[in-house]
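Novice: below: sequence and its predicted model.
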Amino acid sequence: MDKFLLVATTEGLVIYRRRAGSWDQVIHTLSERRVESVSAHGRIILAGTTDGVFRSADLGEGWSMSSEGLSHPHLRWLAHHPDYSGVVMAGTEPAAIYLSRDDGQSWEERPEVAELRDEYGWYLPYSPEAGCVRGFAFHGRRAYAAVEQGGLLRSDDAGATWQLAEGSDGQPRTPPQGFVHPDVHSVVVHPRSPDLVLAPTGGGFYRSEDGGTRWTRLYSSYCRAVWADAADPARLILGPADSVDRNGRIEMSEDGGQTWLDASQGLDTPWPRHMVNRFVQVDYELLAVLSNGDLLSAPLESLEWTRILPEAGRVLAVTPMRA
């Protein structure tokens, strides 16, 4: 089975195949589209763009628009559910969640999300739209969704219905003690427990050990991305910054976030005008998507970072694939 890397960029989707330890380009497709996110299952690839979802069933050779039922075409995140075949979640701007049960051929909006959006007045500081859903995390029937300037959503039925996590009040303002900050940029649930949830936010890095009911802030700086070691929940890698895209860096904790050490080996940090947007693990390698469009790679053992695949252009998201 071949290993692929799907790279979403401002000018389409670039697909690479792993050969002899390096990534070789297979195809550059959808080049007239800004691809915000990408997800894959088997040979099926879904590309989320600002104009809707495009679907390929042949490893990117042919594409068709696949936005039936998608009333908000600006995709911010796509994710196949790892435990339920054919189930896909789509998060949009303005903030809405769509569910597909047929591998992205058709979509159904989850109306309770729009109701929460309108009730609490979710918003984006850089866009006229009412918030956005910019990340999902799954653990069996449990699912979480990160809402920028809205908070954290939780589903207990594999994405069929959604509600605010108990420790997220839905108000786009400074949260009460023990609640998560409402500017949630991504979400991670640890493989060991559906209740161990990590949330990088505009108000710091938060952890919950009870499914989002109570939260502890482990890092006070603005952040968008975290990686958690599947074998050791105390080992974390974070991409904090002083504020939006200001003095970005990479740090590591080996004690569950109580203390942090520099993990920017090979890099000239802090970066004055960019930061880490996403971390993605590919086998024993960690990839970092930066807000300036660079893509970095480091072995998890050494965390010696290098820039890779500069020819891809400005990278927005990556996902591994086996087919």
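Specialist: Received the coordinates, thanks. Residues are numbered from 1 along each chain as shown.
Novice: check contacts around the most centrally placed residue in the chain.
Specialist: Geometric centre of the chain, nearest residue: residue 135, 4.2 Å, by Cα atoms, centre = their mean. Taking Cβ atoms under 8 Å, 6 or more residues apart in numbering, we find residue 135 in contact with 77, 91, 145, 146, 184, 185, 186, 187. Every residue, glycine included, has its C-beta placed from N, CA and C.
Novice: make CSV out of those residues and add pLDDT.
Specialist: Output for those, formatted as CSV (pLDDT from 0 to 100):
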residue, pLDDT
77, 98
91, 98
145, 99
146, 98
184, 98
185, 98
186, 98
187, 98
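Novice: which of those fall within strands?
Specialist: 77, 91, 145, 146 (DSSP state E).
Novice: any weak-confidence spans in this protein?
Specialist: Scanning the chain for pLDDT under 70 picks out no residues.
Novice: go through it and flag its longest strand.
Specialist: Under DSSP E, the chain gives strand 232-241 as its longest strand.
Novice: how distant is that strand from the center of its chain?
Specialist: 15 Å (Cα atoms, centre = their mean, to the nearest Å).
Novice: do the same with stretch 284-303
Specialist: 15 Å.
Novice: endpoints of it, how far apart?
Specialist: Start-to-end span of stretch 284-303 (Cα to Cα, to the nearest Å) is 11 Å.
Novice: who are the contact partners of residue 82?
Specialist: residue 138.
Novice: wait, I meant residue 127
Specialist: So residue 127 contacts residue 93 (Cβ under 8 Å, 6+ apart).
Novice: look up the residues forming beta bridges with it.
Specialist: residue 124 (DSSP bridges).
Novice: ok so, going back, residue 202: which of the contacts of residue 135 is nearest?
Specialist: residue 185 (6.9 Å; Cβ to Cβ).
Novice: surely that closest one is in contact with residue 238?
Specialist: No - Residue 185 lies out of contact with residue 238 (Cβ atoms under 8 Å); the separation is 11.8 Å.
Novice: which one's more surrounded, these two?
Specialist: More crowded of residue 185 and residue 238, by other Cβ atoms under 10 Å: residue 238, with 26 against 22.
Novice: who's the more buried one bridged to?
Specialist: Under the criterion used here (DSSP bridges), residue 238 is bridged to residue 226, residue 251.
Novice: was I right about it contacting residue 252?
Specialist: Yes - if you go by Cβ under 8 Å, residue 238 and residue 252 touch, sitting 7.5 Å apart.
Novice: intersection of neighbour lists for these two?
Specialist: Joint contacts of residue 238 and residue 252 (Cβ under 8 Å, 6+ apart) are residue 260.
Novice: tell me the secondary structure at residue 311.
Specialist: helix (DSSP: H, G, I helix; E, B strand; the rest coil).
Novice: tell me the contacts of it?
Specialist: Residue 311 neighbours (Cβ under 8 Å, 6+ apart): residue 25.
Novice: same deal with residue 70?
Specialist: 52, 53, 90, 92, 98, 107.
Novice: OK, contacts around the last one?
Specialist: With contact set as Cβ under 8 Å, 6+ apart, residue 107 has these partners: 53, 67, 68, 69, 70, 90, 98, 99, 100.
Novice: tell me the contacts of the first one?
Specialist: Residues near residue 53 by Cβ under 8 Å, 6+ apart: 46, 47, 65, 66, 67, 70, 75, 78, 90, 104, 107.
Novice: which residues does the third one bridge with?
Specialist: The one in question is residue 65. Bridge pairing for residue 65 - DSSP bridges - gives residue 54.
Novice: and it, how many residues sit next to it?
Specialist: Neighbours of residue 65 (other Cβ under 10 Å): 13.
Novice: now residue 197. Nearest residue, chain neighbours left out?
Specialist: Nearest residue to residue 197, sequence neighbours excluded (Cβ to Cβ, 6 or more residues apart in numbering): residue 208, at 4.6 Å.
Novice: run a quick neighbour tally on that neighbour.
Specialist: Applying other Cβ under 10 Å, I find that residue 208 has 24 neighbouring residues.
Novice: gap between it and residue 139?
Specialist: 13 Å (Cβ to Cβ, to the nearest Å).
Novice: then residue 125?
Specialist: 31 Å.
Novice: same drill for these two, tell me which one is more crowded.
Specialist: Remark: of residue 125 and residue 139, residue 139 carries more neighbours, 19 against 10, as counted by other Cβ under 10 Å.
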